[in-house]
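K.L.:
The sequence and its predicted three-dimensional model are supplied below.
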Amino acid sequence: MRLLGVVLVWAAILCALGLFLMGRDRPARTVAPAAVESGSGSAFDSAGYTLEITPSFAPAPDSFALPGDPLARSGLVVSRNGHILYTYENGGEQGATIELHPAPGIEPGLVEYLVEASAVQDANGSPQSAALRVRLLHYGGTLAEKTFWSDPGGLIRGVLRVSIETPEGMDHGG
């Protein structure tokens, strides 16, 4: 009887581990920004929104990332609700601003962007501290702005949260 109990416990552990590993290796889905219908029938206009990202370094792929990790192929990843909205794979120069217009995944309500960037190294291969500034603009005016910092050699990871008003709320000034 004890042997049967031990076998059942081990089978449950192995099944749970297998399910975890299958879910972990699934590729992330990419979502395109879309218009959201509001209650009065007018569509939300995302055209005036711009997501602006300014790294203090040249984004490059993370050489220590796992093969399924988006940072393994891109030095900068923007995601929302677990869906990758943007990956930066161009190399680029230090301090160059990346503008995403219209801002991906924008819709009325609370919007949270998870921004991740891989660690940077100097010419000698030594880890460096780095900063990443993220701004959400609406027709040129700043709605939200945040700067994320990393320890030397660490990943830069942070969340930009902003509440976007519905078109009806904007019309009434509130």
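P.N.:
Nice, thanks for sending it over. Numbering: from 1, shown residues only.
K.L.:
which sections of the chain are below the confidence cut-off?
P.N.:
24-44, 70-72, 90-93, 119-123, 167-174 (pLDDT under 70).
K.L.:
which helix in it runs the most residues?
P.N.:
helix 2-24 (DSSP state H).
K.L.:
What segments of this protein are helices?
P.N.:
2-24, 167-171.
K.L.:
which of those helices sits most buried?
P.N.:
Of all these, helix 167-171 has the most neighbours on average by mean count of other C-beta atoms under 10 Å, namely a mean of 13. Yep, even glycine has a C-beta here, placed from its N, CA and C like the rest.
K.L.:
Residue 61 reaches residue 117, doesn't it?
P.N.:
No. Residue 61 is beyond contact range of residue 117, at 10.7 Å (criterion: C-beta atoms under 8 Å).
K.L.:
who has more neighbours, these two?
P.N.:
More crowded of residue 61 and residue 117, by other C-beta atoms under 10 Å: residue 117, with 28 against 19.
K.L.:
Excluding sequence neighbours, find me the nearest residue to that one.
P.N.:
residue 156 (4.3 Å; C-beta to C-beta, 6 or more residues apart in numbering).
K.L.:
how many neighbours does that neighbour have?
P.N.:
Using other C-beta under 10 Å: residue 156 sits among 24 other residues.
K.L.:
same deal with residue 132?
P.N.:
Residue 132: 22 neighbours (other C-beta under 10 Å).
K.L.:
That one and residue 80, how far apart?
P.N.:
To residue 80, residue 132 is 17 Å away according to C-beta to C-beta, to the nearest Å.
K.L.:
how many neighbours does the closest residue to residue 85 other than its chain neighbours have?
P.N.:
Closest residue to residue 85 apart from its sequence neighbours, by C-beta to C-beta, 6+ apart: residue 104 at 3.9 Å. Neighbour count of residue 104, defined by other C-beta under 10 Å: 21.
K.L.:
I figured residue 104 hits residue 51, correct?
P.N.:
Yes. Counting by C-beta under 8 Å, residue 104 touches residue 51, with 6.9 Å between them.
K.L.:
intersection of neighbour lists for those two?
P.N.:
residue 78 (C-beta atoms under 8 Å, 6 or more residues apart in numbering).
K.L.:
what sits opposite the residue nearest to residue 52 when sequence neighbours are not counted in the beta ladder?
P.N.:
Once flanking residues are discounted, residue 52 sits nearest to residue 135: 4.4 Å by C-beta to C-beta, 6+ apart. Here residue 135 sits in beta bridges with residue 52, residue 145, going by DSSP bridges.
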